[in-house]
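**Student:** Sharing a model that was predicted from the sequence below.
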Amino acid sequence: MTVRVAIGLFGMVSSALAGTSAFATPSFPSTGHLLTSIALSAPFGAHPGWQLKVTQDGTVADPFGEPSDTVPGAIRLCLSSDNGRTCRPGLDRMLTSSVPGDLFTQPHFLNDARIVQPTPGRALLLIQVASLHGGNGDQRVATIALRYDRARDRFVPAYARQTRRNNNQEIRYVAAGPLRGAIIAAEPTDDAPFGFWMTVDRPDPTNAYRQVLRYRSATRYGDGNALAVIDSEMPEIQRRLALWHPGSPLPLPAGGCTQPRLIAHALWCSPNPVPHIPG
């Protein structure tokens, strides 16, 4: 089976956002439907007035559909300490691309926006947005975690990554357990044996994320395993980080696992798993 390569744009996203701690967009538009508003000053111990507001424009024509088809309007994200007069950093650039005429650089879906605590007393603002869907249903997805820099009174990126979604890609924040605070990415390889690159980033004492693990998965694309890739790889992820040892209870997905077993280092829960075929 062939697999389309995921667009690995971590470097591009980091470059686009690295300088945005000082970058401020103009005043936030007052039009649009309010999707969410999150007060940030108290949870982060920040100076008064900090908040995230996300609004969405009205529906627009679908550039990939029939003339009468419509899609949700653009998402507008404003992280501001002056009631939206300036927005910093410029989060509307989360889906940035270097491809001329790219129609997937504008966020149209808000997948996640919440405050998380990688460690007690240390907060991060986690945001995930997605572009329009392409003709094959695929879309670009961007995830960013921001920490508060008290000395400069601004929010700065601690983690940023882009991926796609059609080949079981996922970027997941781990809220509990031995990997609490980690962000795990599963992205397809572009050569045989077709599996996934598993990348784990964890926060350092300043809440900036550092890569602590990257390896090629035991899980294979199209192997019939019903689990999400990150769930099927969780025993191996934890084993490589010395957080789980063979013979100990298996780390199981939140939804439960009827018949947990390891097949070629990957977790299976289905009663009749498809035999693993190397390569």
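**Tutor:** That came in fine, so what should we check first? Residues are numbered from 1 along each chain as shown.

**Student:** Quick check: closest non-adjacent residue to residue 270.
**Tutor:** Of all residues not flanking residue 270 in the chain, residue 226 sits nearest, at 5.5 Å (Cβ to Cβ, 6 or more residues apart in numbering). From N, CA and C alone the C-beta is placed, and that goes for glycine too.

**Student:** cool, residue 97 as well?
**Tutor:** Among residues not flanking residue 97 along the chain, residue 105 sits closest, at 5.1 Å (Cβ to Cβ, 6+ apart).

**Student:** Could you pull up the residues touching residue 217?
**Tutor:** Counting by Cβ atoms under 8 Å, 6 or more residues apart in numbering, residue 217 makes contact with 186, 195-198, 229, 232-233, 236, 266.

**Student:** Please tell me how far the closest residue to residue 104 other than its chain neighbours sits from residue 97.
**Tutor:** Nearest residue to residue 104 in three dimensions, chain neighbours excluded: residue 131, at 3.9 Å (Cβ to Cβ, 6+ apart). Noted for residue 131: a distance of 9 Å to residue 97, by Cβ to Cβ, to the nearest Å.

**Student:** Okay, and the beta partners of residue 155?
**Tutor:** Beta bridges link residue 155 to residue 148 when assigned by DSSP bridges.

**Student:** so it touches residue 80, yeah?
**Tutor:** No. Between residue 155 and residue 80 there is no contact under Cβ atoms under 8 Å: 10.0 Å.

**Student:** can you list the domains in the protein?
**Tutor:** Listed by automatic domain parsing, the domain ranges of the chain are 1-167, 168-279.

**Student:** Least confident of those domains, on average?
**Tutor:** When the domains of the chain are compared on mean pLDDT, domain 1-167 scores lowest, with a mean of 82.

**Student:** roughly how far is that domain from the heart of the chain?
**Tutor:** On the basis of Cα atoms, centre = their mean, to the nearest Å, domain 1-167 sits 10 Å off its chain's mean C-alpha point.

**Student:** just the strands in the stretch 151-279 of the chain please.
**Tutor:** Secondary structure of the stretch 151-279 of the chain, counting by DSSP state E, counting those that start in this stretch: strands at 154-163, 170-173, 183-188, 196-203, 209-216, 261-263, 266-268.
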